[in-house]
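Engineer: Generate a structure from the sequence data that follows.
(2 chains)
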Amino acid sequence: MSVCRAVLVFTCCVFCSFNISAYAAPPHYVMCMGCHSPSYNRTGPKHCGVFGQLAARQEGFQYSEALTMSRLRWDRQTLDKFLESPAAIVPGTSMTFAGITDANVRAQLIDYIELLTTDHNDCR
Amino acid sequence: MSVQFSKPKTLLSVDALPTASTVTQETTNRRSFLRSGGQLTLSAMAISMLSGLNAKVASASDKQTMMDIQILNTAIAAEHEAVAAYQVGAESGLLSSAILNVAVQFQGHHKEHIDALSKAVGALGGEAAGPLAIYQFSVEKLKTETDVLTFAASLERGAVSAYAGAIPLFEQRELSKAAASILADEAMHWAVLRQVLGLNPVPGAFFS
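Structural biologist: Numbering: from 1, shown residues only, chains lettered A, B, ... in the order given. Below is the predicted model:
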């Protein structure tokens, strides 16, 4: 019985810690927070609901003409290229940020943005 | 929840940073001296920045100059947001008078940043971004002084990253220098806020 309980506790701990790491904003998200929030528009648009959508399509935010005309769709590959060098991918973008050179950091940020759907805690 | 925000009023004059009863007059004087020095540095920076840009006005149609204007305007937009955020904090009724004085001082810095950056945009032949009519802050989450300070600290930390990310993009070195000066100010705000929150004010050697 005690073994079963130990297994149960262990499983629960692994599951719970997996959930926390999977859903919480990664530490590097602070780099985005100069201009962005998950849940509301700031100097930059909110991130909730962005993943998989066409660029510059969220209501209530005034995008640059360059991004509006870009016809990009925010899938993993496009986000990765854009975060590496926004101005190189969309010349004239108002995201005037040099970019993130570390591919691992970009991947962590994209993981988080992908999870930011309307039922995510950070989107409420 | 969104907050209707109008042009901020001047709340209070900033006479002094909060001091514990044990702080000596000498320390207070040193703080005053440092504060005056900081103001002089910022003014000198702004003047230097503008004088360095005058020669570039004729080339305002250059692609890179337009990029510089775009970078500056993104920074101005963020600074306007910071002014609005500090206004929300100041009007929340959650800040003690000592903390309120510091918040108003920091808000004043952000206003100075807007002035300097806007002059730079004008010198480049552009039009400076104005404040938004509405800023959407999650004010319902601000229930204590700690909440307000944490919110302000997160904005200041973000500003450090925003300037760090923008500095390499400027064509003109004078603009990079000016932005670095502002970054240093934002970093000091962040450190002070963390100190007040009981956190390590400088939790690392590098920040991006």
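
Engineer: Nearest to chain B: which residue in chain A?
Structural biologist: Nearest residue of chain A to chain B, counting by Cβ to the nearest Cβ: A:Gly34, 2.9 Å away. Just so you know, the C-beta spots here come from the backbone N, C-alpha and C atoms, and that holds for glycine as well.

Engineer: To which secondary structure element is the residue nearest the centre of chain B assigned?
Structural biologist: Nearest to the geometric centre of chain B sits B:His110, at 3.3 Å (Cα atoms, centre = their mean). Per DSSP states H and E: B:His110 is located in helix B:97-123.

Engineer: Beyond that helix, next helix or strand please.
Structural biologist: Using DSSP H and E, the helix or strand that follows helix B:97-123 towards the C-terminus is strand B:134-135.

Engineer: So which other helices or strands are in contact with that following strand?
Structural biologist: When contacts are defined as 3 or more Cβ pairs under 8 Å, 6 or more residues apart in numbering or on different chains; DSSP states H and E, strand B:134-135 sits against strand B:3-4, helix B:63-91.

Engineer: angle of the last one against helix B:97-123?
Structural biologist: With axes from the mean of the first three to the mean of the last three Cα atoms, to 10 degrees defining the directions, helix B:63-91 sits at 160 degrees from helix B:97-123.

Engineer: what comes up buried for helix B:63-91?
Structural biologist: The neighbour-count check on helix B:63-91 (16 or more other Cβ atoms under 10 Å in any protein chain shown) flags B:65, B:67-91 as buried.

Engineer: I'd like the average pLDDT over it.
Structural biologist: If you average the pLDDT over helix B:63-91, you get 95.

Engineer: Setting the sequence-adjacent residues aside, check what's closest to the residue nearest to the centre of chain B.
Structural biologist: Using Cβ to Cβ, 6 or more residues apart in numbering or on different chains and skipping the chain neighbours, the partner closest in space to B:His110 is B:Ala82 (4.4 Å).

Engineer: That neighbour and B:Gly93, how far apart?
Structural biologist: Distance of B:Ala82 to B:Gly93, given as Cβ to Cβ, to the nearest Å: 20 Å.

Engineer: before we move on, back to that, so who does the residue nearest to B:His110 touch?
Structural biologist: Counting by Cβ atoms under 8 Å, 6 or more residues apart in numbering or on different chains, B:Ala82 touches B:107, B:110, B:155-156, B:159.

Engineer: try it again with 7 Å
Structural biologist: Contacts for B:Ala82 were tallied using Cβ atoms under 7 Å, 6 or more residues apart in numbering or on different chains; they are B:110, B:155, B:159.

Engineer: Roughly how far does the first one sit from chain A?
Structural biologist: Spatial separation of B:His110 from chain A under the definition Cβ to the nearest Cβ, to the nearest Å is 13 Å.

Engineer: Then B:Val121?
Structural biologist: 13 Å.

Engineer: Can you tell me how far that residue is from B:His110?
Structural biologist: For B:Val121 relative to B:His110 (Cβ to Cβ), the value is 16 Å.

Engineer: again with A:Gly44
Structural biologist: Distance, A:Gly44 to B:His110, using Cβ to Cβ: 18 Å.

Engineer: and what of B:Gly204?
Structural biologist: Distance, B:Gly204 to B:His110, using Cβ to Cβ: 24 Å.

Engineer: Next, give phi and psi for A:Leu116.
Structural biologist: Backbone torsions of A:Leu116, given as degrees, to the nearest 10, read phi -80, psi 70.

Engineer: show me the contacts for it.
Structural biologist: With Cβ under 7 Å, 6+ apart, A:Leu116 has these contacts: A:38, A:47-49, A:51, A:122-123.

Engineer: Which one of these is nearest to A:Asp111?
Structural biologist: A:Phe51 (10.1 Å; Cβ to Cβ).

Engineer: wouldn't the closest one be in contact with A:Asp111 here?
Structural biologist: No - contact between A:Phe51 and A:Asp111 fails when scored by Cβ atoms under 7 Å: they sit 10.1 Å apart.

Engineer: Counting neighbours, which bits of stretch B:191-205 end up buried?
Structural biologist: So for stretch B:191-205, counting by 16+ other Cβ under 10 Å, buried means B:191-194, B:196.
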